[in-house]
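Asks: No letters, just coordinates:
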């Protein structure tokens, strides 16, 4: 009798979950700004992400596998990259300096995606993709470094490989070629979103990196301000994208931009109160000219 009651309870819970997912889907739940990896799993929420994160820790995929994966990805992107493009040269000049603090054995490289929407994406093995729209929306080099630092954090903290460990293991067991493994991993990443915990960790990584760099620590908070301004201007008629919505925010991967903006601007102002005489670079002219003037 007890087992039957438990089964009925489980069925009721599953039914309620499906009903909630349908209601949210019909309500067109959306993020304030597209997530780093264009999530197809936004409605799954944090608990599923947490279980996935814990289980992947026991799968024996080494750093060498991720480095090889990154090398293949870079080769594919290199074949299409315009190295004479000032945006490409500028972002990779910044990444060269930023990667000096990286601890993982990757060759970090930034690639540009011709898209007006501001966005960025981290891939395994040191590959970071940013849209041209991101460079146009951000107002200073310190903001751009903050966003790049956030994506760098995802890679340094192992978030990207966690997302594909199951698929990588399955492909190896199936004796597929490494090229097929790469294709499978990228397909999975493009439909994956990081958990809120991982997003918080990447934000923290970016802020710590700014504090220990030549840049103004307000760069991270101000990057959120710039993205919020873009959202308000480009989606002014869409009430769903304005302000905080607890239901929407729980079921999307990124914490609300408003909360992230307030938290990191407040922390940066506290840092400035402790360090009133320190000189830091903002780089408003640098991002416009696509030439860094912040690194010594």
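Replies: Perfect, thanks for sending it. Small disclaimer: the values here were computed from a predicted structure and weren't measured.

Asks: Can you name the residues that contact residue 145?
Replies: Applying C-beta atoms under 8 Å, 6 or more residues apart in numbering, one finds that residue 145 lies in contact with 94, 98, 209-210, 213, 215, 219, 294. All C-beta atoms are positioned from the backbone trio N, CA, C, and that covers glycine.

Asks: ok, 6 Å please
Replies: Going by C-beta atoms under 6 Å, 6 or more residues apart in numbering, residue 145 touches 94, 215.

Asks: Please give the element, helix or strand, for it.
Replies: helix 141-156 (DSSP states H and E).

Asks: quick check: mean pLDDT across that helix?
Replies: Helix 141-156 shows a mean pLDDT of 96.

Asks: Buried residues of that helix, list them for me.
Replies: The neighbour-count check on helix 141-156 (16 or more other C-beta atoms under 10 Å) flags 141-156 as buried.

Asks: Stretch 85-103 now?
Replies: Within stretch 85-103, the residues scored as buried using 16+ other C-beta under 10 Å are 87-88, 90-92, 94-95, 98-99, 102.

Asks: do the same with stretch 281-292
Replies: Buried residues in stretch 281-292 (16+ other C-beta under 10 Å): 281-283, 286-287, 290, 292.

Asks: From the buried residues of stretch 85-103, which land in helices?
Replies: Of the buried residues of stretch 85-103, the ones assigned to helices by DSSP state H are 87-88, 90-92, 94-95, 98.

Asks: Kindly reformat these as TSV and extend each row with pLDDT and distance to residue 106.
Replies: Converted to TSV, those look like this (pLDDT from 0 to 100; distance: C-beta to C-beta, whole Å):
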residue	pLDDT	distance to residue 106
87	97	22
88	96	19
90	97	21
91	97	16
92	97	14
94	97	16
95	97	11
98	96	12
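
Asks: which other residues reach stretch 258-265?
Replies: Residues from elsewhere that reach stretch 258-265 (C-beta under 6 Å, 6+ apart): 207, 220-221, 224-225, 244.

Asks: ugh, wrong one, stretch 211-226
Replies: Contacts with stretch 211-226, where a contact means C-beta under 6 Å, 6+ apart, come from 137-139, 142-143, 145-147, 206-207, 210, 257, 260-261, 264-265, 268, 271, 280-282, 294.

Asks: Residue 108 contacts residue 99, doesn't it?
Replies: Yes: the criterion here is C-beta atoms under 6 Å, and residue 108 meets it with residue 99 at 4.2 Å.

Asks: For the nearest residue to residue 154 once chain neighbours are set aside, name its beta-bridge partners.
Replies: Nearest residue to residue 154, sequence neighbours excluded (C-beta to C-beta, 6 or more residues apart in numbering): residue 122, at 4.0 Å. With DSSP bridges applied, residue 122 shows beta-bridge pairing to residue 128.

Asks: Likewise for residue 215?
Replies: Here residue 215 sits in beta bridges with residue 281, going by DSSP bridges.

Asks: Next one, pLDDT for it please.
Replies: Model confidence at residue 215, expressed as pLDDT, equals 97.
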